[in-house]
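> Curious how this folds, go ahead:
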Amino acid sequence: MTLILYGHPLSSFTHKVLVAMYELATPFEFRRLDPSQAADRELIAGLTPMGKFPALRDEAAGVTVAETSVIVGYLDARAGGGRLMPRDPAALREAQVWDRVFDMHVQGPMQSIVDARLFMDPSAEPGVTAYARGQLDRVYAALERRLGDGRNWIAGDFGLADCAGLPALFYAGILHPFAAHPRLSAYFDRLVARPSAARVLAEARPSFDLFPFRDMIPARFR
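Numbers count the residues shown, from 1 in each chain. Presented below is the predicted three-dimensional model:
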């Protein structure tokens, strides 16, 4: 197989790349990494600058690509361009802005809540979680405003930012639901109904037991 994706089926950033690959109908081999294994940690450390998955290896081109937004761009260009990454520079900038919003301002606070549960002293968790919830409230309001003009997707046609939106909102919505934001909730429903996203979540389901807040996952995704 020419393309190899290194990642983990529970990883939100792996999900982002998988959505893009399924949207583009890109053949690839999936290599599951186990961060508890020293050999896998060493492998990913040699593939990405920060030693974090996912990573994409194009064996035919002799190229390794790190960082999810760059990987999506690489996949789109490889498929001919213009599907997930707009060709128009202004539209591309807009998509990149909302891609960053999902990665940094939705996934960031969400990950803080998870990390507090997994790695911090229990006494620190309430404060970390409260602060992260406040950050999520702020970004949920921004996304609700963004979706207020009747748009179906976050930046033009389905693309880069929506690939980021699926995993960000899936995990953040478990930890801090956004039901009070009707447009954002409807957008998320459109995301999870898309075949590429539905496939990613279905493939992730056997790994949900590894999620520290697994009991909070909505029944429709279990």
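> which residue packs closest to T64, ignoring adjacent ones?
Using Cβ to Cβ, 6 or more residues apart in numbering and skipping the chain neighbours, the partner closest in space to T64 is R57 (5.1 Å). Bear in mind the C-beta positions are built from the backbone N, C-alpha and C, glycine included.
> give me the beta-bridge partners of the one you found?
R57 has these beta-bridge partners by DSSP bridges: I4, T64.
> going forward, begin numbering at 29 instead of 1
Renumbered: residue one is now 29, and that last one reads R85.
> How about the contacts made by it?
Contact partners of R85, counting by Cβ atoms under 8 Å, 6 or more residues apart in numbering, are 31-34, 75, 91-93.
> Repeat that for L71.
Here L71 is in contact with 34, 61 (criterion: Cβ under 8 Å, 6+ apart).
> Reduced to three states, what does it come out as?
helix (DSSP: H, G, I helix; E, B strand; the rest coil).
> Can you give me the distance of it to S39?
Counting by Cβ to Cβ, to the nearest Å, the separation of L71 from S39 is 15 Å.
> ranges for the strands of this structure?
Listed in chain order, the strands of the chain (DSSP state E) span 31-35, 57-60, 83-86, 91-94.
> nearest to A158, of these?
strand 31-35 (31.0 Å; Cβ to Cβ).
> Now the phi/psi pair for the nearest residue to A119 once chain neighbours are set aside, please.
Counting by Cβ to Cβ, 6+ apart, G184 is the residue found nearest to A119 once chain neighbours are left out, at 5.5 Å. G184 adopts backbone torsions of phi 80, psi -140, taken as degrees, to the nearest 10.
> Provide the count of other residues in contact range of G184.
When neighbours are defined as other Cβ atoms under 10 Å, G184 has 18 of them.
> what do you get for P154?
Neighbours of P154 (other Cβ under 10 Å): 10.
> How confident was the prediction at it?
What the model reports for P154 is a pLDDT of 96.
> What distance do you get for it to S140?
Counting by Cβ to Cβ, the gap from P154 to S140 is 13 Å.
> is it true that G101 touches M113?
Yes. Between G101 and M113 there is a contact at 5.3 Å, judged by Cβ atoms under 8 Å.
> State whether E122 and I182 are indeed in contact, as I suppose.
No. If you go by Cβ under 8 Å, E122 and I182 don't touch, sitting 9.1 Å apart.
> who has more neighbours, the two?
I182 (24 against 17).
> OK, contacts around that one?
I182 touches 126, 171, 174-175, 189-190, 193, 215, counting by Cβ under 8 Å, 6+ apart.
> Kindly indicate which of those lies nearest M49.
Distances from M49 to those, taken by Cβ to Cβ, are shortest for D190, at 14.0 Å.
> Distance of the residue lying closest to H209 once chain neighbours are set aside relative to R233?
Nearest non-adjacent residue to H209, counting by Cβ to Cβ, 6+ apart: E172, 4.3 Å away. Applying Cβ to Cβ, the value for E172 to R233 is 28 Å.
> neighbour count winner among those two?
E172 (17 against 13).
> The nearest residue to M148 once chain neighbours are set aside: what's it in contact with?
Excluding its sequence neighbours, the residue lying closest to M148 (Cβ to Cβ, 6+ apart) is V156, at 6.6 Å. By Cβ under 8 Å, 6+ apart, the residues touching V156 are 140-141, 143-144, 148.
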